[in-house]
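Participant: Just the structure for this:
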Amino acid sequence: MNLSAHKIEAERPTIRLLDDAAINRIAAGEVVERPASAVKELVENALDAGAQRIAVTIAGGGKILIRVEDDGRGISGIDLPLAVARHATSKIDGSDLLNIHTFGFRGEALPSLGAVGRLTITSRVAGAEAHQITVAGGAVGAVKPAALRHGTVIELRDLFYATPARLKFLKTDRAEMQAVSDTIRRMAIGAPQVAFSLSENDDGENRQILNLPPSTLTERVAAVIGRDFTGNALDVLAEREGLTVSGLAALPTYSRGTSGAQYLYVNGRTVRDKLIFGALQGAYSDVLPRGRFPVAVLMVDLDPEEVDVNVHPAKAEVRFRDGGHVRGLIISAIRQALSGAGHRTSSTLSNETLSIARPSFYAPGRVSQAVYAQIYDAQSLVLPGLSESTAAWSARADDTVAEPITAHPLGAARAQFHENYIIAQTGAGVVIVDQHAAHERLVYERLKRQAAAQSVKTQALLLPEVVELPAGQASAVLAFAAQLAALGLVVDGFGGNAVMVREVPAVLGQGDVQALLRDIADELEDQGASAALPVRIDAILSRMACHGSVRSGRQMRVEEMNALLREMEATPSSGQCNHGRPTYIELKLEDIEKLFGRR
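Facilitator: Numbers count the residues shown, from 1 in each chain. Presented below is the predicted three-dimensional model:
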């Protein structure tokens, strides 16, 4: 038999035990992926030690130096050798790996860091002297007396010097520093009662990047994410059967192109959990377009025995005993908050609008008085013709039909322009409404209420419409016919790839039935058979609403415009259309006056 042909060695390799240094370096590959991973492990140890102040200093993106100082309980000189021994920990006794109340418990972080870098631990417990121990490339030094007032100082120098191949996988110092900063920010939100600071040591000089004093959760979030977020966020709070979901969730119109602004915590531990990510996205599925992600700080608290945090050495992933329970409460808590927001829309839209409208040519100091005079002279020539130009407006409200401007949050309609935008005057400024986007949301919410109550009113078509569809779409529509009928759209097969539409929801009025059915067929194809039924129904209702709303280009009477504003005020989520776009923008009078130099 030809052994080489089958790549079988003639002699079997010897099985041998790896030494502790090799074992620790292998373990370090799972625990310490980059400097930010090391920082996370060290900060978690500080929090477990009851620290109220944690200071982190970084040099060379963490490759040259990571220093973490805390004022926690400290480690005694006797325990220091055990602290750097693999699988030695004071946090569990090993009898129960589910009832875990600390961040760390595996006993791997410190020996792993000492295996790949030069680690120095200096610590002092109350009522005793300070001591120090060093570990370099896995070699443990002797415990020595040291000078320290209280707590613990851990220095990690020359990260991965013992495994230089790992250095090739690290990014630039700036990118690694950014990752460290993001890690600290996330952990700081999870422990707002603790003071955090982050400094970068550049050529011997410290530059402070973060300085976060103890605060409330809202204040900490404002300091880390920004006051734009807290100003456009909704309080989230729900509790059921020992599970609590709390935090802040942004308005749909305050969204991002990535999920990077989602801060998720399980029992105070920062995680990147697929189930929570999915639940968060599902909660916003009705108000955000595809490709947009909500901004949120979400805390999930439950009995430690109901969640397994021992899934991965980095402890960033968790596994819930009842994932459906967790997902359901997250979705219902956020949707309740969104519903309570009513017609609110993001205030940052106003700021963006003002920044676009702010004149640069007329800015003080850039134009001489003589030029200003020329401008005003030119404007005076145009003013006499102003009354003639008003005919270009679709509609104007005169004093006989105008509503009181202070009686309603969205004010009273004053005009419609370009047959799509309504201008309403409020007590504090003006509101500009996209009539199609706004009415689309109103029709959608009306259809959802009727569908939930199984009371969708229909209207029979005088002449049924026959719509030709691609073969796959026609069969998909007919397979979903029973559900469509419950939504007010009655269809039958008409042979081949044709589908006959007999009835449509009454709220849609006299729309384009051909276009409506083709859009619904596209939606069914996009969603696929694997999508949950409520998701598919909501998507179809959204398509229907688009066809039943006031179209762009339609002139509206003042009474119609005001009726639209009043219904927006009474309808949840009316601050954005079904696709997540804003339905209106509010401009405060004081900001408008600033544009004209009046303030």
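Participant: dump the residue contacts of the residue nearest the centre of the chain.
Facilitator: By CA atoms, centre = their mean, the chain has its centre lying nearest to Val295, at 2.7 Å. By CB atoms under 8 Å, 6 or more residues apart in numbering, the contact set of Val295 is Ile225, Phe229, Ala233, Ala249, Ala250, Tyr254, Ser255, Arg256, Ala261, Gln262. All C-beta atoms are positioned from the backbone trio N, CA, C, and that covers glycine.
Participant: Please report how far the residue nearest to the fifth one when sequence neighbours are not counted lies from Gly328.
Facilitator: In this case it means Ala250. Leaving aside its sequence neighbours, Ala250 sits nearest to Val295 (CB to CB, 6 or more residues apart in numbering; 4.0 Å). In this view, Val295 and Gly328 are 22 Å apart by CB to CB, to the nearest Å.
Participant: and if you look at Ala165?
Facilitator: For Ala165, the distance to Gly328 - CB to CB - is 46 Å.
Participant: name the element Arg502 belongs to?
Facilitator: For Arg502, the host element (DSSP states H and E) is strand 498-505.
Participant: got it, and Pro145?
Facilitator: Pro145 belongs to strand 144-146, assigned by DSSP H and E.
Participant: Quick check: mean pLDDT of that strand?
Facilitator: Over the span of strand 144-146, the pLDDT mean works out to 95.
Participant: That one pairs with which strands, parallel or anti?
Facilitator: strand 130-136 (antiparallel) (DSSP bridges).
Participant: from the chain's centre, how far out does the partner strand sit?
Facilitator: Offset of strand 130-136 from its chain centre (CA atoms, centre = their mean, to the nearest Å): 41 Å.
Participant: Repeat that for stretch 279-296.
Facilitator: That offset, for stretch 279-296, works out to 8 Å (CA atoms, centre = their mean).
Participant: How about stretch 569-579?
Facilitator: That offset, for stretch 569-579, works out to 20 Å (CA atoms, centre = their mean).
Participant: Only the buried residues of it, if you could.
Facilitator: Thr571, Pro572, Ser573, Ser574, Gly575, Gln576, Cys577, Asn578 (16 or more other CB atoms under 10 Å).
Participant: quick check, nearest of those to Glu241?
Facilitator: Nearest to Glu241 among the buried residues of stretch 569-579, counting by CB to CB, is Pro572 at 26.4 Å.
Participant: so the closest one makes contact with Glu445?
Facilitator: Yes: under the criterion of CB atoms under 8 Å, Pro572 makes contact with Glu445 at 6.8 Å.
Participant: just to revisit the earlier point, quick one: the residue nearest to Ala250 and Ile331, what's the gap?
Facilitator: For Val295 relative to Ile331 (CB to CB), the value is 17 Å.
Participant: likewise Gly72?
Facilitator: For Gly72, the distance to Ile331 - CB to CB - is 38 Å.
Participant: just Phe596 next, same as before
Facilitator: For Phe596 relative to Ile331 (CB to CB), the value is 46 Å.
Participant: Looking at those two, which is more packed in?
Facilitator: Ile331 (20 against 9; other CB atoms under 10 Å).
Participant: got the contact list for that one?
Facilitator: Ala279, Gly282, Ala283.
Participant: could you dump those residues to TSV with pLDDT and neighbour count?
Facilitator: As requested, those are exported to TSV (pLDDT from 0 to 100; neighbours: other CB atoms under 10 Å):
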residue	pLDDT	neighbour count
Ala279	93	24
Gly282	89	18
Ala283	91	25
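Participant: Pull out the buried residues from the contacts of Val295.
Facilitator: Buried among the contacts of Val295 (16+ other CB under 10 Å): Ile225, Phe229, Ala233, Ala249, Ala250, Tyr254, Ser255, Ala261, Gln262.
Participant: ok, the third one to Ser347 distance?
Facilitator: Which is Ala233. 11 Å.
Participant: Over to the second one?
Facilitator: Between Phe229 and Ser347 the computed distance is 11 Å (CB to CB).
Participant: one step back: from the buried ones among the contacts of Val295, which land in helices?
Facilitator: Per DSSP state H, helices hold the following members of these: Phe229.
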